[in-house]
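J.: 3D model of this:
(chains A and B)
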Amino acid sequence: GENVEQHPSTLSVQEGDSAVIKCTYSDSASNYFPWYKQELGKRPQLIIDIRSNVGEKKDQRIAVTLNKTAKHFSLHITETQPEDSAVYFCAASGSARQLTFGSGTQLTVLP
Amino acid sequence: SAVISQKPSRDICQRGTSLTIQCQVDSQVTMMFWYRQQPGQSLTLIATANQGSEATYESGFVIDKFPISRPNLTFSTLTVSNMSPEDSSIYLCSVEGGENTEAFFGQGTRLTVV
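T.: Next up is the predicted model:
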């Protein structure tokens, strides 16, 4: 089955700096890669996703890149703000259509 | 986007008892999934709820412990049976918006077993 590894497990940045979270996956058949933000006590919320036919996608301060050859994808958050502080999960999905999640990254944006 | 109602939102249960969690979706969906999120951990898939047939369980999860019903395309239940403190987790149902599109999550059920 699919295995998704996520790094780092914790990340602290100064407000205004950029944050990068990286994930690798094992199943070359995976073709959908969403990123979720989970605030304390709340459900995971999709923040951005990318499909295997695209190498990069951007939405305002958030961008995701995908390298299919290397089987890794990354989340980039620019101009971080305190409200970006949360746990971020990457995930991968293939033909079975269920998501396999990474272990999560606790992002803390310091004012 | 799908609207998912999951209940109860939280419960405190005695060990040895069972709890049934309900997930109602506002539209028909093909794929429904149940996840577990243990304290401070990531989400782990328990099973895929199949309409009209038995659920498909992931490794480490069995039907006797986590029986699932899926009577139609808008509703599913997950039962946590014979609970122990190790079952204390958040349980989330999820539906897929379409092939390889966003998965929507219910608000989760925070279960504490004492």
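
J.: From here on, just use CA atoms for contacts and neighbour counts.
T.: OK.

J.: show me the contacts for residue A:5.
T.: Applying CA atoms under 8 Å, 6 or more residues apart in numbering or on different chains, we find residue A:5 in contact with A:23-25, A:102-103.

J.: same deal with residue A:2?
T.: Residue A:2 neighbours (CA under 8 Å, 6+ apart): A:25-27, A:92, A:100.

J.: Residue B:24: what's its closest spatial neighbour, skipping adjacent residues?
T.: Spatial nearest neighbour of residue B:24, excluding adjacent residues (CA to CA, 6 or more residues apart in numbering or on different chains): residue B:75 at 4.7 Å.

J.: On the strand side of things, show who the one you found bridges to.
T.: Beta-bridge partners recorded for residue B:75 (DSSP bridges): residue B:24, residue B:72.

J.: Tell me the pLDDT of it.
T.: Predicted confidence (pLDDT) for residue B:75: 95.

J.: hang on, the earlier thing: for chain B, tell me which of the contacts of residue A:5 show up nearby.
T.: A:102-103 (CA under 8 Å from any CA of the partner chain).

J.: can you redo the contacts of residue A:2 as CSV with pLDDT?
T.: As requested, the contacts of residue A:2 are exported to CSV (pLDDT from 0 to 100):
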residue, pLDDT
A:25, 97
A:26, 95
A:27, 92
A:92, 93
A:100, 93
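
J.: Just those: which are in strands?
T.: Applying DSSP state E to the contacts of residue A:2, the entries found in strands are A:25, A:92, A:100.

J.: What spatial separation is found between the first one and residue A:19?
T.: This points to residue A:25. From residue A:25 across to residue A:19, the span is 20 Å (CA to CA, to the nearest Å).

J.: With the last one instead?
T.: When CA to CA is applied, the distance between residue A:100 and residue A:19 equals 23 Å.

J.: pLDDT weak spots in chain B?
T.: B:97-101 (pLDDT under 70).

J.: Phi first, then psi, for the most centrally placed residue in it.
T.: For chain B, the residue nearest the mean C-alpha position is residue B:34 (3.4 Å; CA atoms, centre = their mean). Dihedral pair for residue B:34: phi -120, psi 130, per degrees, to the nearest 10.

J.: Assess the claim that it and residue B:93 are in contact.
T.: Yes: the criterion here is CA atoms under 8 Å, and residue B:34 meets it with residue B:93 at 4.5 Å.

J.: residues from chain A in reach of chain B?
T.: Counting by CA under 8 Å from any CA, chain A sits next to chain B at A:31-32, A:34, A:42-46, A:49, A:51, A:89, A:93-94, A:97-104.

J.: repeat that for 7 Å
T.: Within chain A, the residues that sit near chain B (CA under 7 Å from any CA of the partner chain) are A:32, A:42-44, A:97, A:101-104.
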